[in-house]
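Peer 1: Sequence and predicted structure, then a few things I'm wondering about:
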Amino acid sequence: MSDATPGTIYLKDYSQPDYLIDTVDLHFELQPENTLVRSTLSFYRNPASSTENAPLQLMGEALTLESIKLDGVTIAEADYLADESSLVIHTVPERFTLEIITHINPKANTALEGLYLSNGLFCTQCEAEGFRKITYFLDRPDVMARYTTTIVADKTAYPVLLSNGNRIDSGEQEEGRHWVKWEDPHPKP
């Protein structure tokens, strides 16, 4: 019988990242089989990186990519490469904002990493490398950022919408949906 336990991940196994992230703004439109995730990421070139003109390499698993915008402009498909485990954008400036829209299926996520359903509740498990199952990201323990998260869901099915940090806003939407915005001021991987 084989052991399905994943191997240990050590910080010493990582090389210096070429880019770092200041802030992460996440927007979730929760649906059990087709959750839309819009991530807006503020990147800057890592001054400690020795690689000039490095492409931006993000990790991603079980994601359906809808769109990518760099500083508000849609990126042409010829300017990036997306496959089953990564997203590579060939040319980026020193500082930039990247907006990525993906779709995920929490109901089908039986790995219990990323966003998944458990007994009818949406749950997340992002450590050590589960965030890449939510959106394309520099999913590594040495890249720290501050997060804001907006969660939108059906008010009857999901009356409580929780995330890390402080609740800073909330409201109602059409069709019986509601939303809550959270801000976590403490940098996290």
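Peer 2: Here it is on my side, so go on. Numbering: from 1, shown residues only.

Peer 1: So the spatially most central residue of the chain: helix, strand or coil?
Peer 2: Taking Cα atoms, centre = their mean, the centroid of the chain lies closest to Thr135, which sits 3.5 Å from it. Local secondary structure at Thr135 is given as coil here, using DSSP: H, G, I helix; E, B strand; the rest coil.

Peer 1: Quick check: it vs Val24, distance?
Peer 2: 9 Å (Cβ to Cβ, to the nearest Å). (C-beta placed from N, C-alpha, C; glycine too.)

Peer 1: Now for these two: what residues contact both?
Peer 2: In terms of Cβ atoms under 8 Å, 6 or more residues apart in numbering, Thr135 and Val24 are both contacted by the residues Ser39.

Peer 1: where in this structure is pLDDT low?
Peer 2: Residues of the chain meeting the criterion pLDDT under 70: 1-6, 9, 11.

Peer 1: Mind doing that once more with 90?
Peer 2: In the predicted model of the chain, residues 1-16, 50-53, 127-129, 139-142, 189 satisfy pLDDT under 90.

Peer 1: what about the strands in it?
Peer 2: Counting by DSSP state E, the chain has these strands, from start to end: 19-29, 35-45, 56-59, 64-70, 73-74, 80-82, 86-89, 95-104, 114-118, 121-125, 145-154, 166-172, 177-188.

Peer 1: Phe131: which of the ones you listed is closest?
Peer 2: Closest approach to Phe131 among the strands of the chain (Cβ to Cβ): strand 114-118, 7.0 Å.

Peer 1: Now Ile21. Nearest residue, chain neighbours left out?
Peer 2: Nearest non-adjacent residue to Ile21, counting by Cβ to Cβ, 6 or more residues apart in numbering: Ala145, 4.2 Å away.

Peer 1: hang on, the earlier thing: setting the sequence-adjacent residues aside, check what's closest to the residue nearest to the centre of the chain.
Peer 2: The shortest distance from Thr135 to any non-neighbouring residue, by Cβ to Cβ, 6+ apart, is to Ser39 (4.2 Å).

Peer 1: can you check Ala48 too?
Peer 2: What sits nearest to Ala48 in space, not counting adjacent residues and going by Cβ to Cβ, 6+ apart, is Gln16, at 5.6 Å.

Peer 1: Quick check: phi and psi at that neighbour.
Peer 2: The phi/psi pair for Gln16 (degrees, to the nearest 10) reads phi -60, psi 130.

Peer 1: Roughly how far does it sit from Leu26?
Peer 2: As judged by Cβ to Cβ, Gln16 and Leu26 stand 26 Å apart.

Peer 1: Neighbour count for the two, which is higher?
Peer 2: For Gln16 versus Leu26, the count of surrounding residues by other Cβ atoms under 10 Å is larger for Leu26: 19 against 10.

Peer 1: That one against Thr135, yeah?
Peer 2: Yes: using Cβ atoms under 8 Å, Leu26 makes contact with Thr135 at a distance of 7.4 Å.
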